[in-house]
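> got a predicted structure here, sequence first:
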Amino acid sequence: MPPEISLPASLQDVEQVRSVRTPARLDYEFTAGEASSRFLKGITQKKIIGQRATPESRVYVPPRGADPELGATTPIEVEVAQVGTVTSFCMVNVAFYGSVMELPYTSALILLDGADLSIMHLIQEIPADEVRIGMRVEAVWRDDADIEPTLESIKWFRPNGEPDDPNVRIPGEDHGTGLGSWVGGVAPTEALIRNPRTGEGGQA
Amino acid sequence: MRDIAIISFAQTPAQRAVKEQNEVEMLMPAIHGALGQVDMTIDDIGFTCSGSTDYLAGVGFSFVSTLDGVGPWPPIQESHVEMDGAWALYEAWVKLQLGELDTALVYSYAKSSPGDLPMVLTRQLDPITVAPLWPDTVSLAALQARALLDSGRYTEEHFAEVAARSRKSALDNPNAQLAWDRPASDVLAEEYHVAPLRKSDCAPITDGAACIILAAGDVARSKVERPAWIRGIDHRVEPIHLGLRDLTVSESTRIAAEKAGVADGAVDVAEIHAPFSHQELILRDAIGLGEDVDVNPSGGALSGNPMMTAGLIRVGEVANRISNGTANRGVAHATSGPCLQQNLVTVLEGEN
């Protein structure tokens, strides 16, 4: 039981404050950074350019400036394909603030050929309930006059007619071991993970 | 207690606005610089702890993407504080005290420039009765400065002397944002910015990053000739409501300094994290520093004030002076929150 609160006589007829609304708004000038700027400049030329730290290390698309395996900058640019494989997807049935898509629509993770990190984008030109993991898709660009330094210059991805990739590897699910999602019936553990910087430890 | 030392410190130059880089791009030179100075790599580090805040970036969980800068793979032991990096250093020190690890990397960073900083910082105030009034940082500091003047202990001339001395010291600091040599009378000739504070009484708005590497016992001795040993470290917090405390003193700093053992020996150098000139006066008194102590030879926060980072830089500046032999025992102070709400004091010492 909450304690009884007795107000002084002067406040007894005053309506109690049960909640307050204190709207707050702050505006920020967001900096894309060097790596993202180079990526976005590529987009204005209808090129998808990934970045890597060394000639052997992973290719990140979109790049954010640091290779999380090596803790290093990613100065090397690599143009990747505009076709890729759906590694996961979800069907969106609920409208949300800022949404402009007709419901339902499909949002997918797409691993572009030549990249090691999947990008998130829309899948269109196929019924939403026919989208599947392993499906091969291609980028559909806006008209040339409407190309801007934003990933929205790619309107969406659509099936490109190639057969599904049966060996699709869900990025991240194998914790980077390259051994697939499960190893010998168990999830990858730290013992399986090779240190990408020293080459020591693990099995892969 | 285990002997823990600072063996490396690196920072990026204090700049008004880093427009060309995102946070992790700005941060990486500090991390790689600190590691490279002691010939270490990410794989030599046992524990990583960072300090930053999403409110400055305007991005939720912004610290997760900057972790990429330390290569958190395979999974590392890592933690983050929504505080100045000096508190991340405290957590790393506690972690090393457990005895299971010998090294720790501490970093912090902030781009203060993307938002309207004095307005962003109102979000740390009491959300019901104070934050809705949007009282900016400078105005709150000016309330404190007015109270200090009214106490009769200090005058605006004292404020101006701190402002002038700090910028003059900063002439020797290549990482400083503001450095000049003008007399205190020039500061007093400025118009009030928010009375009784003038622009020169206030720290600049700064983007920047810093990194410190800690090591225990013989690991520290094997890496550097003269480690800066942490002899005491303590932090205290005061109530969020400004009306509940005497703004002209810093009781939390006084207690932290006492617990950290500042008075247990002579102090050669002190780096005080005072974003406003009058706060240095309050803090000097609270820490109990004598007239002979070299205060803020780096120029202090008045010469470069990267949010979440200026406190950690104070620790690094003292450590550098001990490691290069120009000081034997020093005090580093860090603050957080409005009007010196939270304070941390570290005592560092060389080995004779």
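Sure, I can see it.
> ok, B:Gln341 - contacts?
Residues near B:Gln341 by C-beta atoms under 8 Å, 6 or more residues apart in numbering or on different chains: B:Val237, B:Glu238, B:Ile240, B:Ser252, B:Thr335. Heads up, the C-betas are built off the backbone N, CA and C, glycines and all.
> what does A:Glu102 give?
Residues near A:Glu102 by C-beta under 8 Å, 6+ apart: none.
> helix/strand/coil for it?
coil (DSSP: H, G, I helix; E, B strand; the rest coil).
> repeat for B:Leu281
Looking at B:Leu281 with three-state DSSP, the answer is helix.
> hmm, back to that, now a PyMOL select for only the buried ones of the contacts of B:Gln341.
Listed next is the PyMOL selection for buried residues among these, using 16 or more other C-beta atoms under 10 Å in any protein chain shown:
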select buried, chain B and resi 238+240+252+335
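> quick check, nearest of the contacts of B:Gln341 to chain A?
Using C-beta to the nearest C-beta, B:Ile240 is the member of these that lies nearest chain A, at 15.5 Å.
> mind checking the SS state of the closest one?
Assignment for B:Ile240 (three-state DSSP): coil.
> show me what the longest strand seen in chain A is packed against.
Ranked by residue count and defined by DSSP state E, the top strand of chain A is strand A:83-92. Applying 3 or more C-beta pairs under 8 Å, 6 or more residues apart in numbering or on different chains; DSSP states H and E, one finds that strand A:83-92 contacts strand A:105-112, strand A:136-141.
> these into JSON lines, with extra columns for distance to chain B, mean neighbour count and mean pLDDT?
What follows is the helices and strands packed on strand A:83-92, written out as JSON lines (distance: least, C-beta to the nearest C-beta, whole Å; neighbours: other C-beta atoms under 10 Å in any protein chain shown; pLDDT from 0 to 100):
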{"stretch": "strand A:105-112", "distance to chain B": "18", "mean neighbour count": "21", "mean pLDDT": "93"}
{"stretch": "strand A:136-141", "distance to chain B": "25", "mean neighbour count": "19", "mean pLDDT": "98"}
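> mind putting those into TSV with distance to B:Ala14?
Output for the helices and strands packed on strand A:83-92, formatted as TSV (distance: least, C-beta to C-beta, whole Å):
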stretch	distance to B:Ala14
strand A:105-112	40
strand A:136-141	42
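> got the residues of chain A near chain B?
Counting by C-beta under 8 Å from any C-beta of the partner chain, the residues of chain A lying close to chain B are A:20, A:22, A:24, A:26-37, A:64-73, A:176, A:190, A:193-198, A:201-202.
> again, 7 Å this time
A:20, A:22, A:24, A:26-36, A:64-66, A:68-71, A:73, A:176, A:190, A:193, A:195-198 (C-beta under 7 Å from any C-beta of the partner chain).
> any of those residues buried? List them.
Buried among these by 16+ other C-beta under 10 Å: A:28, A:31-36, A:64-66, A:68-71, A:73, A:176, A:193, A:196-197.
> buried sites along the strand or helix carrying B:Val64?
B:Val64 belongs to helix B:62-66 when assigned by DSSP states H and E. Residues B:Ser62, B:Phe63, B:Ser65, B:Thr66 are the ones in helix B:62-66 that count as buried (16+ other C-beta under 10 Å).
> tell me, which of those residues make contact with chain A?
Taking C-beta under 7 Å from any C-beta as the test, chain A is in contact with B:Ser65 out of the buried residues of helix B:62-66.
> can you tell me which of the buried ones among the residues of chain A next to chain B are in strands?
A:Ala66, A:Thr73.
> so which of the buried ones among the residues of chain A next to chain B belong to helices?
Among those, DSSP state H puts A:Glu34, A:Ala35, A:Ser36 in helices.
> wait, which of those residues is closest to chain B?
A:Glu34 (5.6 Å).
> touching, the closest one and B:Val24? I think so.
No: the pair A:Glu34 / B:Val24 is not scored as a contact, 10.4 Å apart, by C-beta atoms under 7 Å.
> after the helix holding B:Val64, which helix or strand is next?
Next helix or strand after helix B:62-66 toward the C-terminus (DSSP H and E): strand B:78-81.
> ok, and for that next one, which residues are buried?
Neighbour-count burial for strand B:78-81 [16+ other C-beta under 10 Å]: B:His80, B:Val81.
> could you point out which element follows it?
Remark: after strand B:78-81, the chain's next helix or strand is helix B:85-97, criterion DSSP H and E.
> which secondary structure elements does that following helix sit against?
Using 3 or more C-beta pairs under 7 Å, 6 or more residues apart in numbering or on different chains; DSSP states H and E as the contact criterion, the elements in contact with helix B:85-97 are strand B:47-51, strand B:78-81, strand B:103-111, strand B:207-216, strand B:228-237, helix B:310-323, strand B:342-349.
> want to throw the buried residues of helix B:62-66 into JSON lines with pLDDT?
Converted to JSON lines, the buried residues of helix B:62-66 look like this (pLDDT from 0 to 100):
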{"residue": "B:Ser62", "pLDDT": "88"}
{"residue": "B:Phe63", "pLDDT": "91"}
{"residue": "B:Ser65", "pLDDT": "87"}
{"residue": "B:Thr66", "pLDDT": "94"}
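> no further queries at this time; thank you.
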